[in-house]
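Visitor: What follows is a protein structure lacking sequence information:
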């Protein structure tokens, strides 16, 4: 008989690869697929039993259109566009998404789960699910591998280049990289079925003051109607319930509490509705505090799950279109907006984004929006995403690819599903090139990386900007 402590000991080497990616969210999948497509033997490590992270396990089933500028210019390419197009081809996202007028690429999370598996298999990624990274293996300042915990015990896993795509910068912190840390909100999404979305739309159309047009995109009921009638997707901004008289009057009658334990903001009521399935994903709780505190994080999850049936019953009793609706699923994981983020080789600051500053190491471009004069507006230009935001100080052999933990000020300037895929593709491509050349990410010729990304369809500017960058 084996002793109970046997699985707590290092049981040897589980695997070796040229590139090891930690975290199987959208950043991690994009990184692993890009690395493998570029010829690198690649292992992807994910702690849950599915790929996609917040997009799938977290049920955040809508990719915001951070693809087109206010001028309707597509400034995102590569894997980030491939993913949306493949979802659309599968009937799981809007088929006419290629336009600024499509505010969100609301999608079927079940189809998304399968798509991400397919992409990894097609590229030849070796995927380890149910596998937790629990420590770093280094040689001085150079990261060489990780310790992982599995159902079969603890093992070591080695890579020439490692990519931290987990969203909490754990690997970078274990390796000794400088970082920032702060508390942020968390939310638990849930999905309801048999929702009469047409009735809900008509309520907003007949009561236009109930729809908060300045809070998100779309920003007018005319846009809402075009998206609903033309595409079959109904978007209700997060926080809409706080501006709806119907909701607030019901709250005053005592039909919705202010909180369930640590879960507050139950009246937020953001929604992504899909006509074809009669379903709506709903965002209706906030948990505020340090999500790295194990006890507090556990209580967040417990209270968030307790809050869901309370909100479901409230919607059934009060919200147009929900009288016969029912709960289909709650997210497998709570979505945390941020914890730790990198103090990296380059810091992308908000003023850089607003001014349109150009970075010589740009590996992607992205549209941005900003509240200006009280209105949420898209900037007329796309901002650069610098390679250096993924490079930790004082650590070699590592790239940090999550938008949540990339080096920005303030935190989260690169947060969002499209940007995570952009960072992931750049990191994976860079890691594969490092493997082929026998160099570290810091030593890599960024101009060569940019050329490779251009070959992969990544957008780095129009012809004039490419000439300015020396890439045309």
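Guide: Nice, I can see it. Please read all numbers here as calculations on a predicted model, not as lab measurements.

Visitor: any idea how far residue 107 is from the spatially most central residue of the chain?
Guide: Nearest to the mean C-alpha position of the chain, by Cα atoms, centre = their mean, lies residue 417 at 3.6 Å. Per Cβ to Cβ, to the nearest Å, residue 417 is found 10 Å from residue 107. In this view, the C-beta of every residue, glycine as well, is placed from N, C-alpha and C.

Visitor: overlap in contacts of these two?
Guide: Shared contacts of residue 417 and residue 107 (Cβ atoms under 8 Å, 6 or more residues apart in numbering): residue 63.

Visitor: now the longest helix belonging to the chain: mean pLDDT?
Guide: The single longest helix within the chain, with elements called by DSSP state H, is helix 294-318. Averaged over helix 294-318, pLDDT sits at 98.

Visitor: Could you list every helix and strand in contact with it?
Guide: strand 184-187, strand 190-193, helix 245-252, strand 259-260, strand 263-264, strand 286-289, strand 326-330 (3 or more Cβ pairs under 8 Å, 6 or more residues apart in numbering; DSSP states H and E).

Visitor: on that earlier part again, test my guess that the residue nearest to the centre of the chain contacts residue 55.
Guide: Yes - the pair residue 417 and residue 55 qualifies as a contact (Cβ atoms under 8 Å) at a distance of 5.7 Å.

Visitor: What are the neighbouring residues in contact with residue 170?
Guide: Here residue 170 is in contact with 22, 133, 164, 340 (Cβ under 8 Å, 6+ apart).

Visitor: One more pass at 7 Å, please.
Guide: When contacts are counted by Cβ atoms under 7 Å, 6 or more residues apart in numbering, residue 170 touches 133, 164.

Visitor: can you start the count at 175 instead of 1 from here on
Guide: Shifting the count to begin at 175 puts that one at residue 344.

Visitor: For the residue nearest to residue 601 when sequence neighbours are not counted, give its distance to residue 560.
Guide: Leaving out its chain neighbours, the residue that sits closest to residue 601 by Cβ to Cβ, 6 or more residues apart in numbering is residue 575, at 3.9 Å. In this view, residue 575 and residue 560 are 13 Å apart by Cβ to Cβ.

Visitor: These two: who's more crowded?
Guide: Neighbour comparison, residue 575 and residue 560: the larger count goes to residue 575, with 35 against 28 (by other Cβ atoms under 10 Å).

Visitor: My understanding was that the more buried one contacts residue 337; is that so?
Guide: Yes - counting by Cβ atoms under 7 Å, residue 337 is a contact partner of residue 575 at 5.3 Å.

Visitor: who touches both of the two?
Guide: 205, 601.

Visitor: so what's the residue nearest to residue 601 scoring on pLDDT?
Guide: 98.

Visitor: try residue 175
Guide: pLDDT at residue 175 comes out at 39.

Visitor: do residue 408 as well
Guide: pLDDT, read off for residue 408, is 96.

Visitor: residues near it, how many?
Guide: 23.

Visitor: Excluding chain neighbours, give the residue nearest to it in space.
Guide: Here the residue nearest residue 408, using Cβ to Cβ, 6+ apart, is residue 447, at 3.7 Å.

Visitor: Over to residue 410?
Guide: Nearest-residue entry for residue 410: residue 445, 3.9 Å, with adjacent residues in sequence omitted and distances by Cβ to Cβ, 6+ apart.

Visitor: residue contacts, that neighbour?
Guide: Applying Cβ under 7 Å, 6+ apart, the residues near residue 445 are 410, 454-456.

Visitor: So which of those is the closest to residue 518?
Guide: Minimum distance to residue 518 across these is 33.0 Å, recorded for residue 455 (Cβ to Cβ).

Visitor: part of a strand, is the residue nearest to residue 408?
Guide: Yes - under DSSP: H, G, I helix; E, B strand; the rest coil, residue 447 falls within a strand.

Visitor: right, and it touches residue 373 too?
Guide: No - Residue 447 is not in contact with residue 373 according to Cβ under 7 Å; the separation is 11.0 Å.

Visitor: With neighbour numbers in mind, choose between these two.
Guide: Higher neighbour count among residue 447 and residue 373: residue 447, with 25 against 13, using other Cβ under 10 Å.

Visitor: now that we're looking at that one, how far away is residue 285 from it?
Guide: Taking Cβ to Cβ, one finds residue 447 at 16 Å from residue 285.

Visitor: same deal with residue 400?
Guide: Counting by Cβ to Cβ - residue 400 and residue 285 are separated by 24 Å.

Visitor: count of residues packed around residue 471?
Guide: Residue 471: 18 neighbours (other Cβ under 10 Å).

Visitor: isn't it right up against residue 477?
Guide: No - taking Cβ under 7 Å as the definition, residue 471 is not a contact partner of residue 477, at 11.1 Å.

Visitor: Show the contacting residues for residue 584.
Guide: By Cβ under 7 Å, 6+ apart, the contact set of residue 584 is residue 524.

Visitor: Could you check how far the host helix or strand of residue 374 is from the centre of its chain?
Guide: In this assignment (DSSP states H and E), residue 374 forms part of helix 371-380. When C-alpha coordinates are averaged (Cα atoms, centre = their mean, to the nearest Å), helix 371-380 and its chain have centres 30 Å apart.

Visitor: one step back: name the residues contacting each of residue 591 and residue 229.
Guide: With Cβ under 7 Å, 6+ apart, residue 591 and residue 229 have common neighbours residue 200.
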